[in-house]
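[1] quick one, structure for this:
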Amino acid sequence: MIVSLVYKVTRKPLSVPAVLPRRDTSKDAELLVLRHENAVLRQQVKGPVRYEPTDRFWFAALSALIPRRLWRTAFPVTPGTLLARHRRFIAASTVWEILHAAGVDPTPRRSGPTWREFLTAQTEGSIACDFLHFDTALGSRLYALVFLGHGTRRLHIACVTAHPTQARAVQQVRNLAADLGTRLESLRFLLRDRDDKYGETFDAASAAEEMKILKSAPRAPQMNAHCERIIGSIRREALDHVLIMGGTHARQVLATYKKHYKAHRPHRARSQLLPDSVQQPATVQRLRYAQRPAHPRPRRRHQRVPLRDLSSNDDFPSPTGDGCGQDGTRTQEGAPPPLNK
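    The predicted model follows:
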């Protein structure tokens, strides 16, 4: 505080031209002498020049008398260094006076729940919306307004058009209220970004349905993470695998994905429940199938027959069945019957 006071007292006299009653010619000549002397000294000094705090103080104070475009040639430091030193010597009370004169009030509360804690506490009463854009196979761009409930994860896709306007967005809020019916009474907050496609009429239509508008910070998509994540899922799971030909085709694809999302998409945040489910489905026990009776397998024609011991005559019985040939003669033991000539 004392340094800031001394700095202000020093700058005031320097800003009065009466303290410098000398003629311009003599002052210019002295400046040329000082510049030449400074250049000679800099040639003799090896390494960077280190300035004391008092030197920095005078540089910052004298910068108010010299136009900013001449700072680079008049001072031995860069203009950025001069501005940094100037800000350093200004007290916090001066900053408060500037903000107060500009009509900027102080922050009413600097401690409280974070944005994540607020969304967690208001999960059942919050719904988010954002615009999904995608390109068709013919090169045109289409837009769709996406609504997602934080607590139930219910998905609503509407307003597939090439020209999104505020009137269309307002109409989609009214359509959402008609689709939800009595479930709209549990919603208290509508989270959106600062896109110009919404406008004040969108906020008024939401307020008519008793929903307070929450705007995310500029260029902060993480503040609307739920809606950003579902838009990414729509792109990865549907739009990236289909060539969209036009608006009608896009509506069919998005309607099909919406049915899949509601009927077959469990969510970890809801304990693996579907968006329209209230309780877990009944567990199906393992079915026990009755064992079929064992039947002998029929032998196939191409199946090999195991070799037997060929040492006995039983393996090659005679046609007559008594071990004799066709003419009744007895054959040798273990030998086949003779062939007819």
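
[2] can we go C-alpha only for contacts and neighbour counts from here?
    Noted.

[3] show me what contacts residue 144?
    For residue 144, the contacting residues are 131, 132, 133, 157, 158, 159, 160, 161, by CA atoms under 8 Å, 6 or more residues apart in numbering.

[4] quick one: which of those residues sit in strands?
    The subset of the contacts of residue 144 located in strands under the criterion DSSP state E comprises 131, 132, 133, 157, 158, 159, 160, 161.

[5] of these, buried ones?
    For the ones in strands among the contacts of residue 144, a burial check counting by 16 or more other CA atoms under 10 Å picks out 131, 132, 157, 158, 159, 160, 161.

[6] tabulate those residues in JSON lines, adding columns for distance to residue 57.
    JSON lines is the format used below for those (distance: CA to CA, whole Å):
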{"residue": "131", "distance to residue 57": "53"}
{"residue": "132", "distance to residue 57": "55"}
{"residue": "157", "distance to residue 57": "62"}
{"residue": "158", "distance to residue 57": "62"}
{"residue": "159", "distance to residue 57": "62"}
{"residue": "160", "distance to residue 57": "62"}
{"residue": "161", "distance to residue 57": "62"}
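
[7] returning to that earlier point: need the contacts of residue 144 in JSON lines (columns: pLDDT).
    Formatted as JSON lines, those follow (pLDDT from 0 to 100):
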{"residue": "131", "pLDDT": "95"}
{"residue": "132", "pLDDT": "95"}
{"residue": "133", "pLDDT": "94"}
{"residue": "157", "pLDDT": "93"}
{"residue": "158", "pLDDT": "86"}
{"residue": "159", "pLDDT": "83"}
{"residue": "160", "pLDDT": "92"}
{"residue": "161", "pLDDT": "93"}
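
[8] tell me the one among the residues you listed nearest to residue 58.
    residue 131 (55.1 Å; CA to CA).

[9] so who does the closest one touch?
    143, 144, 145, 146.

[10] what segments of this structure are strands?
    Counting by DSSP E, the strands of the chain are 126-135, 141-149, 155-161, 189-192, 212-215.

[11] given the longest one, what are its sheet partners and their directions?
    Applying DSSP bridges to the sheet, strand 126-135 is found paired with strand 141-149 (antiparallel), strand 189-192 (parallel).

[12] what's the most distant pair in the buried ones among the ones in strands among the contacts of residue 144?
    Maximum pairwise distance in these, criterion CA to CA, is 11.7 Å, between 157 and 161.
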